[in-house]
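Peer 1: Take this sequence and fold it.
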Amino acid sequence: MIAVSGLTHKIGKTTILDDISVEIPKGKITALIGPNGAGKSSLLNLIARQVDTQKGRIELDGSNLEQISRSDLALKLAVVAQHVGVASRLRVQDLISFGRWPQHQGRPSEADRKAIEVSLGKFDLGDIRTRFLDEISGGQRQRAFVAMAYAQDTDWLLLDEPLNNLDIRYAKALMKHLRNMADQDGKSVVIVIHDLNYALSVADCFVGLKDGQVHFSGEAGEAVTAKTLSNLFDTEVQLEVFKEQTFAVHH
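Peer 2: Purely as a prediction, here's the structure:
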């Protein structure tokens with residue numbers, strides 16, 4: 001479990017997160033949702049320890065996040081940030097191989113090579129494995145970064161807007177992969193996502209953020225209602241069920 005307590009974060013004099021306390025369960029998919037500027041990415045970055053904690057505490061599986069070494073954290077938690085800068089003259093397969101560095105520390109084994117091949121296949125990147133990142137589309141690059149995190153094979157996977165640049169085929173496939181990772185592999189997934197219907201299709205739990213505060217949190221069937229979503233986004237949202245799937249209608 002990830003336990004956040006009393007977390008406050010400021011950039012200059014602007015409060016981005018204000019006394020956040022929330023628990024994110026293990027072995028499930030948790031969606032961080034909310035309007036622009038709500039603090040979703042900031043919360044994810046603090047959990048990923050890409051940003052230093054200013055006030056409050058974050059625990060990962062019972063351990064204070066600040067007391068976990070960077071090398072140990074990389075074995076527990078993989079991250080795909082919203083904006084990632086890497087050398088453009090890097091091949092797809094080499095990018096994915098970086099995901100295995102925490103395991104082999106420069107001495108890749110057959111297991112590491114197999115993990116890379118599995119990731120290439122799972123995210124349909126085999127045909128472009130030797131192409132450079134600046135030679136492929138934005139959607140293909142996005143899949144490559146997710147494949148790198150998948151190859152890292154950690155208990156926790158944190159994704160910030162992973163559907164960016166993906167067409168409907170690959171967006172659907174990615175969400176299916178995440179669902180399978182939780183159900184079949186026991187992985188824990190935390191995802192920042194704007195598409196409510198994709199979130200409703202796969203997430204077990206939700207954290208609704210607005211103005212740097214938690215407006216609601218909990219399991220999907222209890223926390224997510226037409227009222228909580230309408231209040232969160234300041235616009236009318238209705239929930240409709242079609243073929244046993246709940247959809248958010250807001251057009």
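Peer 1: When you work out contacts or count neighbours from here on, use the C-alpha atoms and nothing else.
Peer 2: Noted.
Peer 1: The host helix or strand of Ile16 pairs with which strands, and in what direction?
Peer 2: Assigned by DSSP states H and E, Ile16 falls within strand 14-24. Applying DSSP bridges, strand 14-24 is found paired with strand 2-11 (antiparallel).
Peer 1: List the buried residues of the strand it pairs with.
Peer 2: The neighbour-count check on strand 2-11 (16 or more other Cα atoms under 10 Å) flags 2-5, 7-9 as buried.
Peer 1: cool, and stretch 181-189?
Peer 2: 181-182, 187-189.
Peer 1: do stretch 164-179 as well
Peer 2: Of all the residues in stretch 164-179, those buried under the rule 16+ other Cα under 10 Å are 165-166, 170-171, 173-175, 178-179.
Peer 1: same deal with stretch 125-135?
Peer 2: In terms of neighbour count (16+ other Cα under 10 Å), stretch 125-135 has its buried residues at 125, 128-129, 131-133.
Peer 1: Mind checking which of the buried residues of stretch 181-189 land in strands?
Peer 2: The strands, defined by DSSP state E, take in 188-189 from the buried residues of stretch 181-189.
Peer 1: Leu120: which of the buried residues of stretch 181-189 is nearest?
Peer 2: Met181 (15.9 Å; Cα to Cα).
Peer 1: Nearest residue to that closest one in space, ignoring adjacent ones along the chain?
Peer 2: Lys187 (5.4 Å; Cα to Cα, 6 or more residues apart in numbering).
Peer 1: show me the contacts for that neighbour.
Peer 2: Residues in contact with Lys187, defined by Cα atoms under 8 Å, 6 or more residues apart in numbering, are 26-28, 154-157, 181.
Peer 1: quick one: contacts of stretch 107-127?
Peer 2: Stretch 107-127 is contacted from outside by 92-93, 96-97, 100-101, 103-104, 129, 140, 143-144, 147-148, 150-151, 174, using Cα under 8 Å, 6+ apart.
Peer 1: Stretch 212-220 now?
Peer 2: Counting by Cα under 8 Å, 6+ apart, 15-22, 37-39, 200, 203-209, 223, 228, 232 sit against stretch 212-220.
Peer 1: can you pull the buried residues of it?
Peer 2: For stretch 212-220, by 16+ other Cα under 10 Å, it's 212-218, 220.
Peer 1: Test for you: state the pLDDT assigned to His83.
Peer 2: For His83, the pLDDT comes out at 64.
Peer 1: Please apply the same query to Ala151.
Peer 2: Looking at Ala151, its pLDDT is 94.
Peer 1: If you count contacts, what does whichever strand or helix holds it end up packed against?
Peer 2: Element membership for Ala151, per DSSP H and E: helix 138-152. Applying 3 or more Cα pairs under 8 Å, 6 or more residues apart in numbering; DSSP states H and E, one finds that helix 138-152 contacts strand 77-80, helix 92-97, helix 101-104, helix 110-122.
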